[in-house]
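Q: Fold the following and give me the result.
(chains A and B)
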Amino acid sequence: MTPSNQHDEKKPFPWHLVFFLGPGLLIYVVFSVYPLLDTLVLSLYNEQQGQSSFVGLQNFITLVTDDTWSQAFWNALGNNFKFFAIHMLVQNPIGLLLAVLLSAPKLRLSGTYRTLIFMPTMLSVVIIGFVWQLLLSPIWGISEDFLYNIGLGQYFDAWLGKEGSALITLAFISVWQFVGIPMMLIYATLLNIPDDIVDASVVDGANSFQTFWHIKLPLILPTIAMVSILTFVANFNAFELIYAVKGALAGPNFSTDLMGTFFYRTFFGFQLQQGSASMGAAVATLMFLIILVGVMLFLFFIQRRIQRFQF
Amino acid sequence: MLNVRSALLNKKPTATTVTKLTCLAAIMLSSTGIAQAANGLSIESWRSDDANIWSDVIIPAFNKSHPDTKVNFAPTPPTEYNSALQAKLKAGSAGDLITCRPFDTALDLYKDGHLAKLNDLEGLKQFSDVAKSAWVTDDGKDQFCMPVASVLHGFVYNKEIFEELNLSIPKTRDEFFSTLETIKTESRYIPLAMGTADQWEAATMGFQNIGPNYWKGEKGRKALLTGEEKLTDKAYVDTWKELAKWKPYLGRGFEAQKYSDSQNLFTLGRAAIYPAGSWDIQTFNNQADFEFGAFPPPVAKAGDTCYISDHTDMGIGINANSTNKEAAKVFLNWMASKEFATLYANAVPGFFPLSNHQIDIKDPVAQEFMSWRQQCESTIRNSYQILSRGTPNLENQLWNVSAQVINGTMTPEEAAKETQDGLEQWYKPQQ
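A: Model prediction:
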């Protein structure tokens, strides 16, 4: 035995690590890991009159192939992708634009704008849902008069109540509420870009658009990628806004049904429909898998290719 | 509203949650459990809104004739009632008297042995079979809860607008639609205050309100249960056809109009007729500053028998493990009396006692609703008994298709086909 090895063996067990990590780990395991595993296990069982029996993957097969379940499932999944697409196409570009505008050095009152745009994010979804329902209401709302005043009155409709427009309207409300988050994250990254790089590009003769396109955008790409993945996770877990505005039946004709509301109806039941814990767990497991696959694809194909710059 | 909101969290707790809840409930309730063991009765209920009425009016009245029995009304909020009650029953700490939800929720409690059989209860003779149907076993043999209250459906109208436009109460469907037409063409009022955003009004205040006249009340409801009639039959398609005809008379943008919007449109005097549930009376009494009246769903031609939805919503039963069953029976028999019926109907206008007694209700609109029971045949909502046990759920489907029929995005025939297909997937007699 060499002296250095002896030194290693004498090292006392690192109790302080246990002491500091323990409480956090315990809370994480009890409130996050255990329920997740329990859900996965529960989804493999079937409950009939209080007796539960192991059925393997039967719940999942029913969910994806049986007509009564699969129709609702695919509908909810499809709607969820639409919901996500609208966020990616509207929320994140607007967030980027706002961040760029806010970081413009000549802009006055930028702090005020920043606070105002971020404000809705801090409000409860229930309040947002209620306020927008009133604004868009054909009975009491102001949006109709507003449209008439700018000459677009004939385009007004009960958007929240029509099958074709309800989901898009809800997605826009959600975009309006959460646009502050991409804005803030991108804004913070933009502020981090050293002035000398920007100055150098100006000296090289780049105009402001070229500076943005060739200098700033590559530097904020990692943040945009992170914003996208946050949007993905948040959208596939979305529930509150739909529930607050359209209720758990997500009408009209389930056109606003997302995975979250579908899960709620399955697990807790609705009106005379009895909830099913095992079927609900199967839906929850599928939601988890969809998010997991999405995040993993992102990590493997996008995150690894993004270059990071250190200043 | 009672049944709509309260049934929202109709979840069946899983085995593990039940044990957890049981322990929790056992700890929390051990103190009250001991208190109940004395010569008193404790009532479990979800009507926390009525707690004052029970403690100030109903229980003192009972104690006048039965001074020895102490009664305690112990409500739980509606959304928690079902699961809290389950836990208390398993822990053996539930009250002696249990307020029963209609149909399957209470039936499951009976099957699990938590509710006592009431077949020989004297008071039950005061109730009709329709009233009792919500709390009997599927074979009709055992009664496990005694009916307490029901809600009725009909139309509430603004009397001032009717006077202004010289309208009379429509008795037949043709009169009903010509009344709507008059309101639409001769005034700026909205003829019918109803929206489809929340969907349940379309099914509850629409389909289940006017439908009994088409499917002849109980006769049609039972035929649907036995499989003799199908939802694709003429009676049901015609009901949806009439609903489709409502569309032009609803307010602009009714697709996004919510339940509270409809209530407000009516109480603000902007709408003439409101397809109502009797529970709305309380709201309207508080908010409307004009006189309003009510009329039953119009019939096909004058002189036809009318049918009304008289939906059993609340019952009361005895905890099978109660130590005080004799006193509980005495109390139930008293609840079947005329005295209780009168007290209850006047304290909570819009919730009607189900017993056969002739009682005086002071609220004029509630009185009007109540009087239809004499002229018309009563029935309950056809999706509530047995038919909403399977997947797809009939009640949910009715909400969806009725709202779509009114929106004009589905034809009455398609609505009938979709619901019938749903029923055939799991309900044997319909296959």
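Q: dump the residue contacts of B:G227.
A: Listed by C-beta atoms under 8 Å, 6 or more residues apart in numbering or on different chains, the contact set of B:G227 reads B:427-431. Any C-beta I mention is one placed from the backbone N, CA and C, and that applies to glycine too.
Q: So which of those is surrounded by the most neighbours?
A: Within these, most neighbours by other C-beta atoms under 10 Å in any protein chain shown means B:Q430, with 20 neighbours.
Q: was I right about that one contacting B:D421?
A: No - using C-beta atoms under 8 Å, B:Q430 is not in contact with B:D421; the gap is 10.0 Å.
Q: Show me which of the contacts of B:G227 is closest to chain A.
A: Of all the contacts of B:G227, B:Y427 has the smallest distance to chain A: 12.7 Å, by C-beta to the nearest C-beta.
Q: okay, and for the stretch 1-150 of chain A, where does confidence drop off?
A: Within the stretch 1-150 of chain A, the stretches with pLDDT under 70 are A:1-9, A:48-50.
Q: can you list the residues of it near chain B?
A: Residues of the stretch 1-150 of chain A lying close to chain B (C-beta under 8 Å from any C-beta of the partner chain) are A:42, A:47, A:50, A:52, A:67-69, A:133, A:136-140.
Q: Show the buried residues in those residues.
A: Neighbour counting by 16 or more other C-beta atoms under 10 Å in any protein chain shown classes A:42, A:47, A:52, A:68-69, A:133, A:136-139 among the residues of the stretch 1-150 of chain A next to chain B as buried.
Q: ok, so what distance separates the residue nearest to B:L89 when sequence neighbours are not counted from B:A149?
A: Take B:L89 and drop its neighbours on the chain: the residue closest to it by C-beta to C-beta, 6 or more residues apart in numbering or on different chains is B:H114, 4.4 Å away. Using C-beta to C-beta, to the nearest Å, B:H114 is found at 22 Å from B:A149.
Q: Can you check the pLDDT for residue 226?
A: By default, I'm working from chain A. On pLDDT, A:M226 comes in at 90.
Q: The chain in question should be chain B.
A: Per-residue pLDDT puts B:T226 at 93.
Q: and it, how many neighbours?
A: For B:T226, using other C-beta under 10 Å, the count is 9.
Q: Can you name the residues that contact it?
A: Applying C-beta under 8 Å, 6+ apart to B:T226 gives the contacts B:P429.
Q: Nearest to A:A281 among the contacts of B:G227?
A: Among the contacts of B:G227, B:Y427 lies closest to A:A281 (C-beta to C-beta), at 26.3 Å.
Q: mind checking how far the residue nearest the centre of chain A is from A:I302?
A: By C-alpha atoms, centre = their mean, chain A has its centre lying nearest to A:A234, at 1.6 Å. Counting by C-beta to C-beta, the gap from A:A234 to A:I302 is 18 Å.
Q: tell me which element the closest residue to A:V245 other than its chain neighbours is part of?
A: Nearest residue to A:V245 in three dimensions, chain neighbours excluded: A:G129, at 4.4 Å (C-beta to C-beta, 6+ apart). Mapping A:G129 onto the secondary structure by DSSP states H and E places it in helix A:125-136.
Q: again with B:L41
A: Using DSSP H and E, B:L41 falls within strand B:40-45.
Q: now do B:A74
A: Going by DSSP H and E, B:A74 is part of strand B:70-75.
Q: Return the list of strands paired to that strand, each annotated with direction.
A: Strand B:70-75 sits in its sheet next to strand B:40-45 (parallel), going by DSSP bridges.
Q: For the partner strand, what is the distance to the chain centroid?
A: In this view, strand B:40-45 has its centroid 23 Å away from the chain centroid, taken as C-alpha atoms, centre = their mean, to the nearest Å.
Q: B:T409 in helix, strand or coil?
A: Put simply, B:T409 is coil when judged by DSSP: H, G, I helix; E, B strand; the rest coil.
Q: For it, grab phi and psi.
A: phi -90, psi 0 (degrees, to the nearest 10).
Q: who's in contact with it?
A: Listed by C-beta under 8 Å, 6+ apart, the contact set of B:T409 reads A:163, A:252-253.
Q: cool, and B:F292?
A: So B:F292 contacts B:156-159, B:284, B:365 (C-beta under 8 Å, 6+ apart).
Q: Filter those residues down to just the ones in strands.
A: Applying DSSP state E to the contacts of B:F292, the entries found in strands are B:156-158.
Q: is it possible to export those residues to JSON lines including distance to chain A and pLDDT?
A: Listed next are the ones in strands among the contacts of B:F292 as JSON lines, based on distance: C-beta to the nearest C-beta, whole Å; pLDDT from 0 to 100:
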{"residue": "B:V156", "distance to chain A": "19", "pLDDT": "96"}
{"residue": "B:Y157", "distance to chain A": "19", "pLDDT": "96"}
{"residue": "B:N158", "distance to chain A": "17", "pLDDT": "96"}
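Q: Check which residues of stretch A:179-190 are buried.
A: Residues of stretch A:179-190 classed as buried: A:179-187, A:189-190 (neighbour count, 16+ other C-beta under 10 Å).
Q: Oops, could you answer that again for stretch A:164-172 instead?
A: A:165-172.
Q: correct me, but the residue nearest to B:L89 touches B:C145?
A: No - with contacts counted by C-beta under 8 Å, B:H114 stays clear of B:C145, the gap being 11.4 Å.
Q: And these two? Which one has more around it.
A: Using other C-beta under 10 Å as the criterion, B:H114 and B:C145 rank with B:C145 on top: 29 against 21.
Q: Give me the phi and psi for the more buried one.
A: The phi and psi values for B:C145, taken as degrees, to the nearest 10, are phi -140, psi 150.
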